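Chemist: pasting the structure only:
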């Protein structure tokens, strides 16, 4: 049976909650909603898995909306991913960077949610350990991502140019005149392939 975190804390008569870890396959937001009294009373650090597949599939929530709702509950939210780093999510731009980072990396990360800012030394150490976990350099990744964006723009421009050429060809007189020949060729090809 499932019960809200507030009910569990009351039932157990807890007088202290320092840390809450949530990895419940996309249902982290409902769990946080059921922990309102606990969060207000104890101000624990919450580490919540941020798995966009489960969030969108099982909780029917868009990734950016998920992060925005978490940010509304906690003054300080960090995106932590081993091999990638620790990133403060302190504005809308950071929300979209976090979403983008997870899609590019292809794996879930964790949100570290706090009522107090991490001390700079702790933030630096956690980030260093995250990056060292897989020998991953976020600056190199950002440069690679920038290069990929440029390639996508180039391909989109080429695609638009080809679409324009195809539209011009279909609008041409020769295309209309040769339509019966293309139709006959297609019919013959289908008969041969039977």
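Modeler: Right, received. Where do you want to start? Just so it is clear, the structure is predicted and the values come from calculations on it, not from any experiment. Residues are numbered from 1 along each chain as shown.

Chemist: go ahead and confirm residue 24 touches residue 32.
Modeler: No. Contact criterion Cβ atoms under 8 Å: residue 24 and residue 32 do not qualify, at 10.4 Å. (Each C-beta comes from the backbone N, C-alpha and C, glycine too.)

Chemist: compare the two and say which is more crowded by neighbours.
Modeler: residue 32 (21 against 17; other Cβ atoms under 10 Å).

Chemist: what about the lengthiest helix in the chain, average pLDDT?
Modeler: Secondary structure of the chain per DSSP state H: the longest helix is helix 138-171. Averaging pLDDT along helix 138-171 gives 84.

Chemist: what about the protein, any weak spots by pLDDT?
Modeler: 132-140 (pLDDT under 70).

Chemist: all helices of it, in order?
Modeler: Going by DSSP H, the chain shows helices at 5-12, 28-33, 36-42, 52-58, 63-73, 92-105, 120-132, 138-171, 173-177, 179-192.

Chemist: save the ones you listed as CSV, and put in distance to residue 82 too.
Modeler: Converted to CSV, these look like this (distance: least, Cβ to Cβ, whole Å):
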stretch, distance to residue 82
helix 5-12, 26
helix 28-33, 19
helix 36-42, 26
helix 52-58, 17
helix 63-73, 19
helix 92-105, 10
helix 120-132, 5
helix 138-171, 12
helix 173-177, 56
helix 179-192, 54
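
Chemist: which one of the ones you listed lies nearest to residue 111?
Modeler: Across the helices of the chain, residue 111 has its closest neighbour in helix 63-73 (5.8 Å, Cβ to Cβ).

Chemist: quick one, what contacts residue 112?
Modeler: 45-47, 77-78, 80, 86, 118 (Cβ atoms under 8 Å, 6 or more residues apart in numbering).

Chemist: before we move on, what about residue 69?
Modeler: Residue 69 touches 29, 61, counting by Cβ under 8 Å, 6+ apart.

Chemist: likewise residue 111?
Modeler: Neighbours of residue 111 in contact, by Cβ under 8 Å, 6+ apart: 46-50, 67, 70, 77-80, 89.
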